[in-house]
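Visitor: structure, please.
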Amino acid sequence: MNKHLSIIVLVILALGAALGGRLFLMSDEGSGGVSLSLANKTKAIGGPFTLTTHDGRQVTEKDFAGSPFMVYFGYTFCPDVCPTSLSAIGDAFEILGDRVNGLPVLFITVDHERDTVEALADYVDYFHPNIIGLTGTQAQIDQAVKSYKAYYAKVVDKSREEGEGKGFYLMDHSAFTYFMDETGTMAALFPHGMAPEEMAKRLGNLL
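Guide: Residues are numbered from 1 along each chain as shown. Take a look at the predicted model:
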């Protein structure tokens, strides 16, 4: 088992433990891969956070209470997983059209050192307008990660120990997209790699 697959398995196990064993794997034909489903809704995932949006507003979980929203943890220097996931979300939203009006996607960075408000503003501009970039201090980001039982780890690129690229790093992180209902309860968990058409179908059943 490679390192990244091991991380994914550990995150799944952690989520399963948080849900009291109510998280299970289910393979759906045509989904483009293994998907995650919930036997029961749970309040174990989600909770308090205080972060700053890509346009400079401070927000908390209370600002999104009363309506569904989605959450994704990533960072702007992510070479492949994040842009692929955010593009898939955008494509799914295009399929659903007006049905996703007002459905925010919270893109919470796990890289507070590089992901300033300005950096996030430039980044989210490439994706669907419903996506809101969120950053904060290390402590604020860690609180959000804890609330959503997410995962991240800084990985320094040792091949760039000398010269201009010295100190360059990537971030290993969980790549699930959470769908939270109007009560702040996680109602669905979309894995990385799910086809936009399948995501749109499942979102349509939730809205």
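Visitor: switch to C-alpha atoms for all contacts and neighbour counts from now on
Guide: Noted.
Visitor: how many neighbours does Pro79 have?
Guide: Look at Pro79: counted by other CA atoms under 10 Å, it has 11 neighbours.
Visitor: and if you look at Asp80?
Guide: Neighbour count for Asp80, taken as other CA under 10 Å: 8.
Visitor: one more: Met180?
Guide: Met180, neighbours per other CA under 10 Å, totals 24.
Visitor: ok, it touching Tyr72?
Guide: No: counting by CA atoms under 8 Å, Met180 sits too far from Tyr72 to count as a contact (11.2 Å).
Visitor: what about Leu134, which helix or strand?
Guide: Using DSSP states H and E, Leu134 maps to strand 131-135.
Visitor: packing partners for that strand?
Guide: On a contact count with 3 or more CA pairs under 8 Å, 6 or more residues apart in numbering; DSSP states H and E, strand 131-135 meets strand 50-53, strand 105-109, helix 117-124.
Visitor: mean neighbour count, the ones you listed: which tops it?
Guide: The highest average neighbour count among those, using mean count of other CA atoms under 10 Å, belongs to strand 105-109 at a mean of 23.
Visitor: report the beta-bridge partners for the residue nearest the centre of the chain.
Guide: Closest residue to the average C-alpha location of the chain: Tyr72 at 1.3 Å, with CA atoms, centre = their mean. For Tyr72, the beta-bridge partners under DSSP bridges are Phe107, Thr177.
Visitor: okay, it and Asp157: tell me how far apart.
Guide: Separation of Tyr72 from Asp157 (CA to CA, to the nearest Å) stands at 24 Å.
Visitor: repeat for Arg202
Guide: Relative to Asp157, and taking CA to CA, Arg202 is found at 38 Å.
Visitor: can you check Gly74 too?
Guide: Gly74 is 18 Å from Asp157, by CA to CA.
Visitor: now the terminal residues of stretch 123-137, how far apart.
Guide: So stretch 123-137: terminal residues 19 Å apart, CA to CA.
Visitor: residues in contact with the closest residue in space to Gln58 that isn't next to it in sequence?
Guide: Nearest residue to Gln58, sequence neighbours excluded (CA to CA, 6 or more residues apart in numbering): Thr52, at 4.3 Å. For Thr52, the contact set (CA atoms under 8 Å, 6 or more residues apart in numbering) comprises 58-59, 117, 134-136.
Visitor: same deal with Lys154?
Guide: 169-172.
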